[in-house]
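Engineer: Only the shape, not the letters, is given here:
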């Protein structure tokens, strides 16, 4: 077993600190601002480049293509700011998007030079398990969540909690023993379920079915049968969900004591599943984003347009959608830039990494600040870094990956 280097030790620390959202949660009780974490991360990445005496240390075609995308992204956000109102909101977003570029570049440098991907996977397993445990506690004894009745843990936002538990589940499963993988996924499913985030439920399901399909869960020769069985079971559950029968089962049950009007509505009790306040808001901003983008189809309306309610953008919230965000604010150019990143992510990933990539592509339909979350950036780069390290053999392995435990 190769000795753990300072580089690997620090990188694992960043993954645990950032993806678990501990760095944001502790800020409520200490003077350790999130910005300090970003400075340390970026500073360490710069130190690695200077220490290596090699400015071409970014290894792998995926890393080089991502670096090229970053350069175009930097030009885009500066141009988009010039096209904007240049208000305080737009300028603050310019700073935020610049931080995104620096953080993504830092993870690019650190992950492309990591030789202990197996330990990073173990960190994701730890994050997922702890996240589920805290979510269960948060649901039974509301403590952390900003939304009553929905578990969130350190993430505070249930949608974010469910998303990162589902993605961490996939990221870490390669080091989970074969016989324990189904139990691990089911356990993570409990944590995701308690967030009552419909998008997170979908991310978990996509992750689970994709892992079965590529043979990471269960024998490879039965994967098609397993997929069909899962699809049938999920179809039945979905039918019960849409018909309202699933929600009716919670009425007068012990679970009812832990549900409020919001969570009950999400289970279809009393209203249509897609007719609650959150769903209606998403439909309204999606329609407005399409209309506003069409008014400036080439370059969009400028950075921060959907964050400034007024004569132009009339909604009180942004698009809830990365694709619509880049369309409304960046037009065809902005949307093409984001699609380029998604294509790059899917094309250069493989195996478990591609499952994370699919989750990332899907997550963009439910969030307009996905790229503003350092945890999401870490998972994005990790999905690409997995391919050349752990899957030199066939990706359809049902046994624990040898390269994941022998480095």
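Structural biologist: Sure, I can see it. Predicted, not measured: the structure shown is a model, and the values here were computed from it.
Engineer: pLDDT below threshold where in the stretch 301-407 of the chain?
Structural biologist: 387-407 (pLDDT under 70).
Engineer: Against which helices or strands is the longest helix seen in the chain packed?
Structural biologist: In the chain, taking DSSP state H as the definition, the longest helix is helix 322-348. Using 3 or more C-beta pairs under 8 Å, 6 or more residues apart in numbering; DSSP states H and E as the contact test, the elements touching helix 322-348 are helix 61-83, helix 277-295, helix 352-363, helix 374-390. Quick note: C-beta positions are derived from backbone N, CA and C, even for glycine.
Engineer: Put together a markdown table for these, with distance to residue 27 and mean neighbour count on each row.
Structural biologist: Converted to a markdown table, the helices and strands packed on helix 322-348 look like this (distance: least, C-beta to C-beta, whole Å; neighbours: other C-beta atoms under 10 Å):
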| stretch | distance to residue 27 | mean neighbour count |
| --- | --- | --- |
| helix 61-83 | 25 | 17 |
| helix 277-295 | 27 | 16 |
| helix 352-363 | 24 | 24 |
| helix 374-390 | 13 | 24 |
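Engineer: among these, which is nearest residue 15?
Structural biologist: Minimum separation from residue 15 across these (C-beta to C-beta) falls at helix 374-390, 6.1 Å.
Engineer: just how off-centre is the closest one within its chain?
Structural biologist: Relative to the centre of its chain, helix 374-390 is centred 11 Å away, using C-alpha atoms, centre = their mean, to the nearest Å.
Engineer: likewise stretch 32-47?
Structural biologist: Here stretch 32-47 is found 21 Å from its chain centre; the criterion is C-alpha atoms, centre = their mean.
Engineer: Next, count neighbours for residue 205.
Structural biologist: 17 (other C-beta atoms under 10 Å).
Engineer: Tell me which residues are up against the host helix or strand of it.
Structural biologist: Per DSSP states H and E, residue 205 falls inside helix 198-213. Residues from elsewhere that reach helix 198-213 (C-beta atoms under 8 Å, 6 or more residues apart in numbering): 158-159, 161-163, 165-167, 169-170, 173, 181, 185, 188-189, 192-193, 217-218, 223, 226-227, 230-231, 234, 266, 352, 354-355, 358-359, 362-363, 365-367.
Engineer: Now stretch 42-56: average pLDDT?
Structural biologist: Averaging pLDDT along stretch 42-56 gives 79.
Engineer: Okay, buried residues for that stretch please.
Structural biologist: Of all the residues in stretch 42-56, those buried under the rule 16 or more other C-beta atoms under 10 Å are 42, 44-45, 48-49.
Engineer: could I get those residues as CSV with distance to residue 286 and secondary structure?
Structural biologist: Formatted as CSV, these follow (distance: C-beta to C-beta, whole Å; DSSP: H, G, I helix; E, B strand; the rest coil):
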residue, distance to residue 286, secondary structure
42, 34, helix
44, 39, helix
45, 36, helix
48, 41, helix
49, 41, helix
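Engineer: In a strand, residue 148, correct?
Structural biologist: No: assignment of residue 148 by DSSP: H, G, I helix; E, B strand; the rest coil gives coil, placing it outside any strand.
Engineer: What count of nearby residues applies to it?
Structural biologist: Here the number of neighbours of residue 148 (other C-beta under 10 Å) works out to 10.
Engineer: Next one: it relative to residue 138, how far apart?
Structural biologist: To residue 138, residue 148 is 11 Å away according to C-beta to C-beta, to the nearest Å.
Engineer: out of everything not next to it in sequence, what's closest to residue 19?
Structural biologist: The spatially closest residue to residue 19, leaving aside those adjacent along the chain, is residue 375, at 4.4 Å (C-beta to C-beta, 6 or more residues apart in numbering).
Engineer: mind listing what residue 374 touches?
Structural biologist: When contacts are counted by C-beta under 8 Å, 6+ apart, residue 374 touches 18, 37-38, 41, 103.
Engineer: Residue 377 now?
Structural biologist: Residue 377 sits in contact with 100, 103-104, 107, 371, where contact means C-beta under 8 Å, 6+ apart.
Engineer: Could you do residue 143 as well?
Structural biologist: Going by C-beta under 8 Å, 6+ apart, residue 143 touches residue 137.
Engineer: SS state for it?
Structural biologist: Here residue 143 is coil, with the state taken from three-state DSSP.
Engineer: give me phi/psi at it?
Structural biologist: Dihedral pair for residue 143: phi -140, psi -50, per degrees, to the nearest 10.
Engineer: One more: residue 313?
Structural biologist: Torsion angles, degrees, to the nearest 10, at residue 313: phi -100, psi 110.
Engineer: picking that back up, could you dump the buried residues of stretch 42-56 into TSV with distance to residue 93 added?
Structural biologist: Supplementary listing: the buried residues of stretch 42-56 in TSV, determined by distance: C-beta to C-beta, whole Å:
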residue	distance to residue 93
42	19
44	26
45	23
48	29
49	28
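Engineer: circling back: buried set for the longest helix of the chain?
Structural biologist: 322-331, 333-335, 337-338, 341-342, 344-346, 348.
Engineer: how about low-confidence regions in the stretch 1-150 of the chain?
Structural biologist: Residue ranges of the stretch 1-150 of the chain with pLDDT under 70: 1-2, 53-57.
Engineer: Do a quick rundown of the helices in it.
Structural biologist: Along the stretch 1-150 of the chain, counting by DSSP state H, counting those that start in this stretch, helices occupy 6-19, 22-25, 34-52, 61-83, 88-112, 117-140.
Engineer: Torsion angles phi and psi at residue 309?
Structural biologist: Here is the backbone geometry of residue 309 (degrees, to the nearest 10): phi -60, psi 130.
Engineer: which residues touch it?
Structural biologist: Shown in contact with residue 309 (C-beta under 8 Å, 6+ apart): 315-316.
Engineer: Quickly list what it is bridged to.
Structural biologist: Beta-bridge partners recorded for residue 309 (DSSP bridges): residue 313.
Engineer: Okay, residue 122 and residue 157: tell me how far apart.
Structural biologist: Using C-beta to C-beta, residue 122 is found at 26 Å from residue 157.
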